[in-house]
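Q: Coordinates for the following, if possible.
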Amino acid sequence: MSLARMHKVRIVGHESERDRTLTILQDLGVLQISDLTTANEQTLNGFRPHGAHGNNEIESRLADLRYVLDFLARYDTEKPGFIQSFFNLKKLIRLEEIEQIAREYDYRGIYQQARQLDQESIELRSERAQLEARRAELLPWAELPIPLEELRATATTDVVLGRVPKEKIAEFIQAVELSEAAVVQLAGEDKQSKYFCAFVLRDSQEAFLSVLTEHGGERMNIPAVSARGLPKEILAQIESRIREIDVRQHQITQKATTLIAEKPKLQALYDYLYNEHLKAQAQARLLSSSHAFVLEGWVRASDLGRLEHALKNNSEAVYMERIDPDPHEVPPVALENRRLFRPAEFLIKLFGLPHQRELDPTPFVLPFFAIFFGIALTDAGYGLALILIFAYLKRRYRHKLGFQPFANLMILGGISAVIAGALTGGWFGSDLKEIITVLRDRVMIFNVGTQQGLIAFLLFSLGMGFLHVLLGNLLEIYDKIRTGRLWEALWSDGSWVLFITGIGIAAGAGVPMIMPKELNAPGLPSDWMPVGATLALMGALLVVCFGRVENPHNLSEQWPWLMVALGLFLWLQKPLAGVPVGEIVAVLGVIGVLVLTQRGMSLGAKVRAVLGRIGAGLFKLYGVSGLLGDVLSYSRIMALGISTGLIADAINKLAKMLLGFPAVGIVISIVFVIFGQIFSLLINSLSAFVHSARLHYVEFFTKFYEAGGATFRPFTRESVYYEIQKSEELSS
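A: Numbering: from 1, shown residues only. Model prediction:
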């Protein structure tokens with residue numbers, strides 16, 4: 001339940017060992033290297049920034065490889081599966097293998113071929129686009145029996161090209177013929193219009209255009225085509241060239257496809273160079289002189305021995321020492337939990353790591369997330385499916401260390417869903433429990449098909465939500481005590497926890513009393529009602545008195561307020577043997593408050609300060625409405641669980657209806673059930689995950705948790721395409 005302890009170390013070595021040392025550190029992957037180039041010049045002591053020598057060349061080669069891989073991706077028909085893409089699961093490659101490829105493989109020939117093919121393909125696509133534009137421009141004039149170059153005006157006539165709606169073309173031609181001012185030649189058509197070419201007397205051009213407009217037509221420009229000849233001849237030439245381009249593009253595709261065989265080596269080389277790029281960046285953070293280098297960084301306390309051992313075993317010219325961090329430095333944060341709780345670290349990292357001195361909530365997140373996930377899914381069949389799927393994926397991608405926590409988290413969620421589904425009778429819907437009656441009679445507790453079972457399931461979800469919220473407040477108290485704020489935790493947070501605990505007990509005991517008896521609603525024993533009411537009353541009085549505490553460590557100022565709260569509490573109870581103890585204690589407390597609060601102030605100022613503190617307490621007490629909203633929000637997981645069963649039942653009923661189809665009904669029904677249930681599993685599992693995480697982020701973390709810690713990022717081997725397996729000596 002704590003964060004990893006961090007140590008700051010300094011490594012000094014001979015300049016000849018610099019590259020070798022960085023390689024060791026990268027393979028080991030336990031040291032986060034600090035940037036020494038920003039240090040004050042007085043602390044450099046003759047050392048200077050080393051710089052990222054050779055990194056420009058590496059970046060250039062990486063850019064070339066990215067270009068080739070992007071080019072090949074356009075022609076690669078083999079795509080990764082959904083799971084592999086969703087979880088970014090990579091193939092495994094040994095470190096020795098990737099280093100061998102880097103030594104022996106020359107990618108430049110492949111790069112040149114890809115560049116030439118890509119450039120030619122781009123030029124062909126551009127030419128084809130131009131040809132298609134010319135074709136579209138000429139198609140309306142395909143039947144024109146006049147070469148385009150001859151469409152020009154004379155001294156007495158002008159050439160007019162245009163189009164008229166199909167339904168008016170006959171009227172238009174008849175009107176032109178009556179005017180005897182032009183000769184019209186039809187040239188082609190499309191879905192809406194007829195296209196024409198007209199030779200018009202210059203003196204009659206205005207009248208012709210008026211007739212054209214009256215019949216819904218419009219004048220068009222002569223196609224700007226450089227080729228000579230009839231439009232249909234030019235179109236034939238265009239079609240021929242387009243076919244040639246398509247053939248050549250197909251040839252380019254075939255050549256590019258043959259290059260795909262080089263893709264694994266190209267990807268391996270890219271990952272190798274990417275790690276060399278990271279090494280160059282790390283090198284730019286250290287300092288060096290003509291004979292030595294120095295670097296500093298952070299390492300987990302648990303990895304300090306490994307780091308020291310690796311450096312000593314590989315070189316005697318490298319020395320490491322622990323150093324004290326600067327006063328302003330904040331160590332990076334790394335979660336360090338027992339193996340059982342590590343799956344929940346995935347959720348913490350999604351939200352944000354805690355500060356270095358903050359409480360790590362991981363152990364508390366895991367059980368509640370699993371419970372909420374199970375309630376939100378509420379189907380034992382789906383839970384079993386998740387267990388089997390992620391158990392297989394966990395084994396299949398066991399080298400993918402980052403995937404293992406998520407897989408374990410989903411397996412725990414699946415186990416919880418099996419339990420929740422068994423208790424509610426959900427086994428891929430509700431039909432199976434009717435067939436196997438033992439699942440209904442011996443295992444099922446909440447029959448959500450009845451009003452009684454539904455209410456019981458809802459109350460169970462709300463009860464779990466109340467415990468979750470209460471735990472968040474208790475963790476806030478623990479965190480303050482842990483960091484030396486004992487009295488602040490007791491006065492303010494302790495009174496609030498006492499108040500909501502009493503409300504929770506009273507509500508748990510009161511629900512069966514207000515519900516109709518035939519529903520037999522579950523709850524706490526009715527004898528607990530006075531206990532809950534007493535705790536809630538005492539907590540409410542304490543909240544009013546300690547809602548705002550300016551000097552929690554000044555006990556002389558706080559004891560009178562405690563006496564006021566205790567006196568009011570006793571006054572509201574039965575007098576002890578006829579003695580008004582409550583009134584006496586309350587009066588003494590009020591006197592103490594007026595005497596001790598804000599010493600040196602006038603009586604009026606003291607009264608205002610007291611009333612201001614009480615007002616702040618009353619306002620905090622009003623926060624109980626927020627508590628009610630927080631608890632009610634947990635009803636959503638119950639609603640999700642019910643909807644899961646309804647969707648599964650709907651799929652099963654539709655499958656039964658499909659059985660009525662003759663001959664192929666059984667096959668169709670089976671296929672529908674399989675794909676329908678898979679779809680339901682995916683959708684409902686995603687909803688269960690999202691809403692269970694939301695309840696932690698919105699309802700739980702807001703009570704005690706502040707994210708914002710700087711993530712511990714050790715200098716290590718990273719990859720884009722492969723999961724690099726380190727050598728046995730370094731990984732052991």
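
Q: Check the burial of residue 138 by counting its neighbours.
A: Other residues lying near residue 138 total 20 when counted by other C-beta atoms under 10 Å. For the C-beta atoms, the positions are set from N, CA and C on the backbone; glycine is no exception.

Q: Secondary structure element for it, which one?
A: helix 108-138 (DSSP states H and E).

Q: So for that helix, mean pLDDT?
A: For helix 108-138, the mean per-residue pLDDT is 92.

Q: any idea of the pLDDT on residue 86?
A: Confidence at residue 86, expressed as pLDDT, is 61.

Q: what does residue 95 give?
A: For residue 95, pLDDT reads 84.

Q: ok, it touching residue 723?
A: No. Here residue 95 does not reach residue 723: they are 10.9 Å apart, not a contact under C-beta atoms under 8 Å.

Q: Strands of this protein, start to end?
A: 2-3, 6-14, 31-33, 48-49, 91-94, 157-165, 182-189, 193-201, 218-220, 287-288, 292-300, 318-323, 335-336, 722-725 (DSSP state E).

Q: With mean neighbour count and distance to residue 128 as extra columns, can I get these in CSV?
A: Putting these into CSV (neighbours: other C-beta atoms under 10 Å; distance: least, C-beta to C-beta, whole Å) gives the following:
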stretch, mean neighbour count, distance to residue 128
strand 2-3, 18, 61
strand 6-14, 18, 60
strand 31-33, 23, 52
strand 48-49, 14, 53
strand 91-94, 16, 37
strand 157-165, 18, 26
strand 182-189, 17, 23
strand 193-201, 21, 25
strand 218-220, 13, 25
strand 287-288, 20, 56
strand 292-300, 23, 56
strand 318-323, 14, 62
strand 335-336, 19, 56
strand 722-725, 19, 38
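
Q: And the ones you listed: which comes nearest residue 557?
A: strand 2-3 (34.2 Å; C-beta to C-beta).

Q: Tell me where the model's unsure across the stretch 551-700 of the chain.
A: Low-confidence segments of the stretch 551-700 of the chain (pLDDT under 70): 574-603, 606, 662-663.

Q: can you give me the helices for it?
A: Assigned by DSSP state H, counting those that start in this stretch, the helices in the stretch 551-700 of the chain fall at 555-572, 581-596, 603-621, 624-632, 635-658, 665-694.

Q: Poorly predicted segments of the stretch 351-500 of the chain, please.
A: 399, 401, 441.

Q: Which stretches in it count as helices?
A: Under DSSP H, counting those that start in this stretch, the stretch 351-500 of the chain gives helices at 362-377, 380-396, 404-424, 431-435, 437-438, 451-482, 486-488, 495-514.

Q: which one of these lies closest to residue 641?
A: The nearest among these, by C-beta to C-beta, is helix 362-377 at 5.3 Å.

Q: Show me how far that closest one is from its chain's centre.
A: 19 Å (C-alpha atoms, centre = their mean, to the nearest Å).

Q: And stretch 443-450, by the same measure?
A: 35 Å.

Q: Give me the buried stretch members for that stretch, please.
A: By 16 or more other C-beta atoms under 10 Å, the buried positions in stretch 443-450 come out as 443-444, 446-449.

Q: Same question for stretch 357-372.
A: Neighbour-count burial for stretch 357-372 [16+ other C-beta under 10 Å]: 358-362, 364-366, 368-372.

Q: for stretch 392-406, same thing?
A: For stretch 392-406, by 16+ other C-beta under 10 Å, it's 393-394, 397, 400, 403-406.

Q: Distance to residue 298 for the helices of the stretch 351-500 of the chain - can I get that in JSON lines?
A: Listed next are the helices of the stretch 351-500 of the chain as JSON lines, based on distance: least, C-beta to C-beta, whole Å:
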{"stretch": "helix 362-377", "distance to residue 298": "21"}
{"stretch": "helix 380-396", "distance to residue 298": "31"}
{"stretch": "helix 404-424", "distance to residue 298": "22"}
{"stretch": "helix 431-435", "distance to residue 298": "54"}
{"stretch": "helix 437-438", "distance to residue 298": "57"}
{"stretch": "helix 451-482", "distance to residue 298": "23"}
{"stretch": "helix 486-488", "distance to residue 298": "31"}
{"stretch": "helix 495-514", "distance to residue 298": "37"}
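
Q: for those helices, which one sits closest to residue 49?
A: Closest among those, using C-beta to C-beta: helix 404-424, at 37.9 Å.

Q: Now do that closest one and helix 451-482, the angle between them.
A: 140 degrees (axes from the mean of the first three to the mean of the last three C-alpha atoms, to 10 degrees).

Q: CA atoms of helix 404-424 as CSV?
A: Coordinates of each C-alpha in helix 404-424 appear next as CSV, following Å, rounded to 0.1, in the frame of the first residue of the first chain:
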residue,chain,number,x,y,z
GLN,A,404,-0.7,-9.0,-18.2
PRO,A,405,-2.2,-6.6,-15.5
PHE,A,406,-5.2,-5.9,-17.7
ALA,A,407,-5.7,-9.5,-18.5
ASN,A,408,-5.6,-10.4,-14.8
LEU,A,409,-8.0,-7.6,-14.0
MET,A,410,-10.5,-8.9,-16.6
ILE,A,411,-10.1,-12.5,-15.2
LEU,A,412,-10.9,-11.2,-11.7
GLY,A,413,-13.9,-9.3,-13.2
GLY,A,414,-15.0,-12.5,-14.9
ILE,A,415,-14.8,-14.5,-11.6
SER,A,416,-16.9,-11.8,-10.0
ALA,A,417,-19.4,-11.9,-12.9
VAL,A,418,-19.7,-15.7,-12.5
ILE,A,419,-20.6,-15.2,-8.8
ALA,A,420,-23.0,-12.4,-9.5
GLY,A,421,-24.6,-14.3,-12.4
ALA,A,422,-25.0,-17.4,-10.3
LEU,A,423,-26.6,-15.5,-7.5
THR,A,424,-29.1,-13.8,-9.9
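
Q: Could you list every helix and strand in contact with that helix?
A: Under the contact criterion of 3 or more C-beta pairs under 8 Å, 6 or more residues apart in numbering; DSSP states H and E, helix 404-424 touches helix 345-351, helix 362-377, helix 380-396, helix 635-658, helix 665-694.
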